[in-house]
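Q: Provide a 3D model corresponding to the input given below.
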Amino acid sequence: MLDDISGFELKEIVEDIDKKGYSEHYVTPGYEKYEKYDYRKFNIKTNNKKLKGLVLEIKNGYEVE
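A: Next comes the predicted model:
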């Protein structure tokens, strides 16, 4: 999931991936985790599962006694 970027920056990333045929751009889907971002491999179900998992990690971090 890409956060804190403008539409212009996203456009540059997409154009770079299209030009090279592969991605050199990383995202951080959770604490100290990194994975390559490639819009061509986007899957809404997988993305939703990752988001729910991250929300659960944050929730547990606040609610653990």
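Q: how about residue 28, secondary structure?
A: Applying DSSP: H, G, I helix; E, B strand; the rest coil to residue 28 yields a three-state assignment of strand.
Q: And for residue 4?
A: Secondary structure for residue 4, judged by three-state DSSP, is coil.
Q: again with the one 10 residues further on
A: With three-state DSSP as the basis, residue 14 sits in helix.
Q: residues touching it, list them.
A: Remark: with contacts taken as C-beta atoms under 8 Å, 6 or more residues apart in numbering, residue 14 is in contact with residue 39. In this view, the C-beta of every residue, glycine as well, is placed from N, C-alpha and C.
Q: now residue 39
A: Neighbours of residue 39 in contact, by C-beta under 8 Å, 6+ apart: 13, 14, 17.
Q: at 6 Å what do you get?
A: Contact criterion C-beta atoms under 6 Å, 6 or more residues apart in numbering gives residue 14 as the residues in contact with residue 39.
Q: next one: residue 36
A: Contacts were defined as C-beta under 6 Å, 6+ apart; by that measure residue 36 touches 23, 26.
Q: Using PDB, write out every CA atom in the longest helix along the chain.
A: Ranked by number of residues, the top helix in the chain under DSSP state H is helix 44-63. Presented in PDB, the C-alpha positions along helix 44-63 are these (Å, rounded to 0.1, in the frame of the first residue of the first chain):
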ATOM      1  CA  ILE A  44      -7.800  -6.300  -3.800                       C
ATOM      2  CA  LYS A  45      -8.400  -9.400  -1.700                       C
ATOM      3  CA  THR A  46      -4.800  -9.800  -0.800                       C
ATOM      4  CA  ASN A  47      -4.400  -6.100  -0.100                       C
ATOM      5  CA  ASN A  48      -7.500  -6.200   2.100                       C
ATOM      6  CA  LYS A  49      -6.100  -9.200   4.100                       C
ATOM      7  CA  LYS A  50      -2.800  -7.300   4.600                       C
ATOM      8  CA  LEU A  51      -4.600  -4.200   5.800                       C
ATOM      9  CA  LYS A  52      -6.700  -6.100   8.200                       C
ATOM     10  CA  GLY A  53      -3.600  -7.900   9.600                       C
ATOM     11  CA  LEU A  54      -1.900  -4.500  10.100                       C
ATOM     12  CA  VAL A  55      -4.900  -3.100  11.800                       C
ATOM     13  CA  LEU A  56      -5.000  -6.100  14.100                       C
ATOM     14  CA  GLU A  57      -1.200  -5.700  14.900                       C
ATOM     15  CA  ILE A  58      -1.800  -2.100  15.900                       C
ATOM     16  CA  LYS A  59      -4.900  -3.000  17.900                       C
ATOM     17  CA  ASN A  60      -3.100  -5.700  19.800                       C
ATOM     18  CA  GLY A  61      -0.200  -3.300  20.400                       C
ATOM     19  CA  TYR A  62      -2.500  -0.900  22.200                       C
ATOM     20  CA  GLU A  63      -4.700  -3.500  24.000                       C
END
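Q: Brilliant, that's me finished.
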